[in-house]
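Q: test case, fold it:
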Amino acid sequence: MPTLSQGQPDKSGPEPHRHRQTAESFGVDAERYDRARPPYPEALVERIVAASPGRHVLDVGAGTGIEARQFQAAGCTVLGVEPDERMAAFARRSGVEVEVARFEDWQPSRRQFDAVIAGTAWHWVDPVAGAAKAAQVLRPGGRLAPFHHVPQLPAEVIDALAEALQRVAPDSPFNPGLLRGSAVDAYQPLFAKIADGIRQTGSFSEPEQWLFTWERTYSRDQWLDQLPTFGGLTQLPADKMAEVLDSAGTAIDRLGGHATMPYTSVVITSTRSHDDRRRHRPSPACPKGNMRRGRGTSSVRRAPEDRETMD
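A: This is a model prediction of the structure:
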């Protein structure tokens with residue numbers, strides 16, 4: 001689930017990568033994170049693998065190895081890069097090779113890859129420096145493909161979370177109430193920021209969006225197990241977390257003890273140019289700020305100046 005923050009002093013758009021304390025807080029309970037976070041659609045994995053020139057994959061922000069294991073199952077060799085040693089240790093125990101570093105600082109040592117992926121993690125990477133590092137390690141024709149889960153929460157759950165956070169952490173910048181309406185639309189400013197970072201390197205084709213829709217039904221216990229893994233909640237004290245979970249649980253109870261949540265998994269993807277000296281310029285049919293979505297072209301709306309999308 002994304003959480004949204006407001007009051008961001010930087011006016012250039014969403015910049016969650018600057019929130020390092022949150023970005024490196026997920027390892028506080030790595031076992032819960034791996035257990036509760038959903039995997040990615042098989043069709044998403046298959047499409048990225050099919051659209052890459054080979055099966056040597058770099059997973060940025062590999063976390064506990066959720067998506068890395070999925071790509072391994074699809075026949076790929078995967079190396080993870082993860083800033084949190086606690087998350088990396090869990091991933092290694094699950095059979096994923098991981099090196100501990102912020103991606104922007106990581107030393108590839110001349111290694112090259114066919115695809116660079118990131119599972120709901122690229123927003124914690126500087127969008128320009130990260131894309132430049134990806135260009136450095138990708139073979140010509142290699143694919144950059146960060147992807148994010150975007151769940152559409154029931155209004156009752158959004159209201160309960162917003163009310164609880166306002167009560168227990170009124171100074172928190174995180175505001176799930178901003179997810180009322182289309183969650184995919186709420187995420188678009190972040191996706192636009194990622195695409196702009198890719199463009200600025202001059203090393204990639206015009207970014208596209210690939211959308212994969214699915215749904216998951218959560219019991220009360222399953223949803224409450226996942227909630228503490230979200231970036232807006234990982235640093236709450238135990239007593240305040242208990243109040244948030246109680247409010248969310250009451251909302252699920254009112255829905256009959258379970259909730260079915262539609263998801264859209266969104267891939268922002270581009271291929272490494274063969275001619276690194278040529279700086280890519282958007283074509284008139286796809287100006288900066290727009291991305292091709294599927295087979296067509298879709299306008300990407302800019303973020304309000306005081307809002308930021310985070311996970």
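Q: in the stretch 101-250 of the chain, which spans are helices?
A: Ranges of helices within the stretch 101-250 of the chain are 127-137, 155-168, 183-201, 220-226, 238-254, based on DSSP state H, counting those that start in this stretch.
Q: between those helices, which one is nearest to Thr213?
A: helix 183-201 (9.6 Å; C-beta to C-beta). Quick note: C-beta positions are derived from backbone N, CA and C, even for glycine.
Q: which strands and helices sit next to the closest one?
A: Packing contacts for helix 183-201, counted by 3 or more C-beta pairs under 8 Å, 6 or more residues apart in numbering; DSSP states H and E, involve helix 127-137, strand 138-151, strand 258-271, strand 290-293, strand 307-310.
Q: the helices of the stretch 101-250 of the chain into TSV, with extra columns for mean pLDDT?
A: Listed next are the helices of the stretch 101-250 of the chain as TSV, based on pLDDT from 0 to 100:
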stretch	mean pLDDT
helix 127-137	97
helix 155-168	90
helix 183-201	95
helix 220-226	94
helix 238-254	92
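Q: closest to Gln70 out of those?
A: helix 220-226 (18.1 Å).
Q: name the residues that touch that closest one?
A: Helix 220-226 is contacted from outside by 1, 32, 35-37, 157, 218, 245, 248-249, 252-253, 257-259, using C-beta atoms under 8 Å, 6 or more residues apart in numbering.
Q: swap in 10 Å and give it another go.
A: Residues outside helix 220-226 that contact it (C-beta atoms under 10 Å, 6 or more residues apart in numbering): 1, 32-33, 35-38, 151, 153, 157, 216-219, 244-246, 248-253, 255-259, 261.
Q: report the buried members of those residues.
A: With burial judged by 16 or more other C-beta atoms under 10 Å, the buried subset of those is 1, 33, 36-38, 151, 153, 157, 218, 244-245, 248-249, 251-252, 259, 261.
Q: still on that earlier bit, can you add distance to Pro53 and give the helices of the stretch 101-250 of the chain back as a markdown table?
A: Formatted as a markdown table, the helices of the stretch 101-250 of the chain follow (distance: least, C-beta to C-beta, whole Å):
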| stretch | distance to Pro53 |
| --- | --- |
| helix 127-137 | 13 |
| helix 155-168 | 42 |
| helix 183-201 | 18 |
| helix 220-226 | 35 |
| helix 238-254 | 44 |
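Q: for Glu82, find the nearest of these.
A: Of all the helices of the stretch 101-250 of the chain, it is helix 127-137 that lies closest to Glu82, at 13.9 Å by C-beta to C-beta.
Q: that closest one vs strand 258-271, what angle?
A: 60 degrees (axes from the mean of the first three to the mean of the last three C-alpha atoms, to 10 degrees).
Q: and helix 127-137, what other elements does it pack with?
A: Here helix 127-137 touches strand 56-60, strand 77-82, strand 113-119, strand 138-151, helix 183-201, strand 258-271, going by 3 or more C-beta pairs under 10 Å, 6 or more residues apart in numbering; DSSP states H and E.
Q: if we go to 8 Å?
A: If you count contacts as 3+ C-beta pairs under 8 Å, 6+ apart, helix 127-137 packs onto strand 56-60, strand 113-119, strand 138-151, helix 183-201.
Q: of those, which is nearest Ala129?
A: For the helices and strands packed on helix 127-137, proximity to Ala129 was assessed by C-beta to C-beta; helix 183-201 is nearest, at 8.1 Å.
Q: could I have the closest one exported to PDB, CA atoms only?
A: Extracted in PDB, the C-alpha atoms of helix 183-201 (Å, rounded to 0.1, in the frame of the first residue of the first chain):
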ATOM      1  CA  ALA A 183      -4.600   5.000  -6.500                       C
ATOM      2  CA  VAL A 184      -2.900   4.600  -9.900                       C
ATOM      3  CA  ASP A 185      -3.500   8.300 -10.600                       C
ATOM      4  CA  ALA A 186      -2.100   9.100  -7.100                       C
ATOM      5  CA  TYR A 187       1.100   7.300  -8.100                       C
ATOM      6  CA  GLN A 188       1.500   8.900 -11.500                       C
ATOM      7  CA  PRO A 189       3.600  11.900 -10.300                       C
ATOM      8  CA  LEU A 190       6.100   9.400  -8.900                       C
ATOM      9  CA  PHE A 191       6.100   7.400 -12.100                       C
ATOM     10  CA  ALA A 192       6.600  10.700 -14.000                       C
ATOM     11  CA  LYS A 193       9.600  11.500 -11.800                       C
ATOM     12  CA  ILE A 194      11.100   8.000 -12.500                       C
ATOM     13  CA  ALA A 195      10.600   8.400 -16.300                       C
ATOM     14  CA  ASP A 196      12.200  11.900 -16.200                       C
ATOM     15  CA  GLY A 197      15.200  10.500 -14.500                       C
ATOM     16  CA  ILE A 198      15.600   7.900 -17.200                       C
ATOM     17  CA  ARG A 199      15.300  10.500 -19.900                       C
ATOM     18  CA  GLN A 200      17.900  12.700 -18.300                       C
ATOM     19  CA  THR A 201      20.600  10.100 -18.700                       C
END
